[in-house]
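Enquirer: When you get a sec, could you give me coordinates for this:
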Amino acid sequence: MLRTKTARAVILWSLCGFASSGPGGFSTPPRERVDLLVSGATVVTMDASRRVIEAGAVAIRGERIVAVGKASELSDQYQAAREITAIGKIVLPGLINTHNHAAMVLFRGIADDLALMEWLQKFIFPAEARNVTADFVEAGTALACLEMIQSGTTTYADMYYFEDQVAQATDRAGMRGVLGETIIEFPAPDNKTPQDAVTYTEKFIQRWKGSARIIPAVAPHAPYTNSGEILKACKALADKYRVPMIIHVSETQDEVSQMQQKYGMTSTGWLRKLDVLTAGVVFNHGVWLTEEDLAIIKDWGVSVTHNPESNMKLASGTAPVVRMLALGIPVGLGTDGAASNNDLDMFEAMRSAAMLHKLVSMNPTTLPAEKVVEMATLGGARALGLQGEIGSLEVGKRADLIVVETDLAHAVPLYNVYSHLVYSLKGADVKTSIINGKLVMSEGRVLTLDEKRIKQKAREYQQRILSSLKKN
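Expert: Residues are numbered from 1 along each chain as shown. Prediction:
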């Protein structure tokens, strides 16, 4: 009788889904389904406690991260439709390039080792006037996205012409972009007046606002290339649609002189007088910011992008990054366009930033590696107002992450992961990229772009550009 009752109990438990299979006669709970599990790596989370998880894992469902922890624990909790084994590798948030002119990658190396104004007036401006079209911008942006994905960038901010083509190419590449049409007082390739560019920008915002990966922005070129009236119109447009406003500020000493002669104040002071400074405004470069400028920037919640390689190459100067960080100003890292860098590799930007500020301060402890990695990830997200969505590997955030190889001669041995990322590893060491939960690059092969076709198109434009410059 006892055996009969026991048998009935076992059948009942089995029918209810509690069939005996584990310790104590009960099964473990069924594993939760996820789309992707990246496991076995050293996971650099960049979360508030800066967790670095050895033999860690990241579980992804749809566009978002659902778990970050030990691989042994997550494999017990989650059943993945696809698993990426990353043993011996580093997983970290996708890098965020906070300042770029993507399509200018087609002008890479066109003129180097020149003073800024000679570089602009004799080469860049003529080349742009004779070559920049919607097709040019689309081809250049595709090449830039290919390069950025291959070197670990998952999000970038852009300011150029034909920005709708920039957005389309970025969207096809599967990247995340904060993108703004350049608004400038002289005739541009797509809009002949700044008023036309403002109108274009509003239509651009209306088209792309609400996109999963494209964040439209308002992008007046600089305070010295736009009137006060246009700058106010730009800020009004940004406020109307609640989008960022990105602008070059205090990049060179020439700009400082021009602003003093014209307005009797700095660019930052002029923008404050126009009442266009709020959180959501992003200053690109900020090389020649004064202490008063920094106080204004902090008080108004403005953020800054630091572009060390471009600033060094053009001899523009060194931005007061250490001072900005000490004041709590959000500072992101950028490459600037490839015409003045000459690449879009954020690993090189990290290394350059760390070494530049050590040299300038004559202090080897300045801007340590962990802080530089933060500037390229969570700091960049803060600078662009996206820290709630990207920049760290945390539950609920967008699944933007990269997998970096460490089994290479220049990457062995590994003692400190932050030091390794900044001083040893290269953009070419990135093997896998996931953006918004989608696998965009696997084992070094970009899945969203036709690499061969993009390179061929770039070489065709090279010949056109060379022919156009012979007309000088």
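
Enquirer: three-state assignment of the residue lying closest to Gly180 once chain neighbours are set aside?
Expert: Take Gly180 and drop its neighbours on the chain: the residue closest to it by C-beta to C-beta, 6 or more residues apart in numbering is Ala219, 2.8 Å away. Backbone N, C-alpha and C define where each C-beta goes, glycine included. Secondary structure assignment for Ala219 (DSSP: H, G, I helix; E, B strand; the rest coil): strand.

Enquirer: Which pLDDT value goes with Ala219?
Expert: pLDDT for Ala219: 98.

Enquirer: ok, now how distant is it from Thr193?
Expert: Here Ala219 is placed at a distance of 16 Å from Thr193 (C-beta to C-beta, to the nearest Å).

Enquirer: residues contacting Arg64?
Expert: Arg64 is in contact with Gly396, Lys397, Arg398, Ala399, Gly437, counting by C-beta atoms under 8 Å, 6 or more residues apart in numbering.

Enquirer: follow-up on the earlier one: quick one: the residue nearest to Gly180 and Glu181 touch, right?
Expert: Yes. The criterion here is C-beta atoms under 8 Å, and Ala219 meets it with Glu181 at 5.9 Å.

Enquirer: is the residue nearest to Gly180 in a bridge, and if so with what?
Expert: Thr182 (DSSP bridges).

Enquirer: Can you report how many residues lie near it?
Expert: Per other C-beta atoms under 10 Å, the neighbour tally for Ala219 reads 29.

Enquirer: ok, Ala111 - contacts?
Expert: Counted by C-beta under 8 Å, 6+ apart, Ala111 has contacts Trp119, Lys122, Phe123, Ile124.

Enquirer: Could you export these as TSV, including secondary structure and neighbour count?
Expert: Formatted as TSV, the contacts of Ala111 follow (DSSP: H, G, I helix; E, B strand; the rest coil; neighbours: other C-beta atoms under 10 Å):
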residue	secondary structure	neighbour count
Trp119	helix	19
Lys122	helix	14
Phe123	helix	18
Ile124	helix	20
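
Enquirer: Give me the phi and psi angles of the residue nearest to Ala173 when sequence neighbours are not counted.
Expert: Distances taken as C-beta to C-beta, 6+ apart place Cys145 nearest to Ala173, at 3.7 Å, with adjacent residues excluded. Dihedral angles of Cys145 (phi, psi; degrees, to the nearest 10) stand at phi -60, psi -40.

Enquirer: Over to Val430?
Expert: phi -70, psi 130.

Enquirer: so what's it closest to, chain neighbours aside?
Expert: Gly152 (4.0 Å).

Enquirer: Could I get the contacting residues of the one you found?
Expert: Gly94, Leu95, Met346, Phe347, Ile402, Val404, Gly427, Val430, Ser433.

Enquirer: Distance of it relative to Gly444?
Expert: 12 Å.

Enquirer: overlap in contacts of these two?
Expert: What both Gly152 and Gly444 touch, as defined by C-beta under 8 Å, 6+ apart, is an empty set.

Enquirer: hang on, the earlier thing: which of the contacts of Ala111 sit farthest apart?
Expert: Lys122 and Ile124 (8.2 Å; C-beta to C-beta).

Enquirer: can you give me the helices for the stretch 301-450 of the chain?
Expert: For the stretch 301-450 of the chain, the helices defined by DSSP state H, counting those that start in this stretch occupy 308-313, 321-327, 346-361, 369-376, 378-383, 417-419.

Enquirer: okay, those in TSV with distance to Ala81 next?
Expert: Compiled in TSV, the helices of the stretch 301-450 of the chain are given as follows (distance: least, C-beta to C-beta, whole Å):
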stretch	distance to Ala81
helix 308-313	40
helix 321-327	41
helix 346-361	30
helix 369-376	30
helix 378-383	28
helix 417-419	29
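
Enquirer: Any chance you could list residues touching both of Ala219 and Glu181?
Expert: Met159, Glu163, Thr201.

Enquirer: hang on, isn't Ala222 packed against His248?
Expert: Yes. At 4.2 Å, Ala222 and His248 qualify as touching, with contact defined as C-beta under 8 Å.

Enquirer: thinking again about what came up before, name the stretch among the helices of the stretch 301-450 of the chain that sits most buried.
Expert: When these are scored by mean count of other C-beta atoms under 10 Å, the highest mean neighbour count falls to helix 378-383 (a mean of 27).

Enquirer: Appreciated, that's everything.
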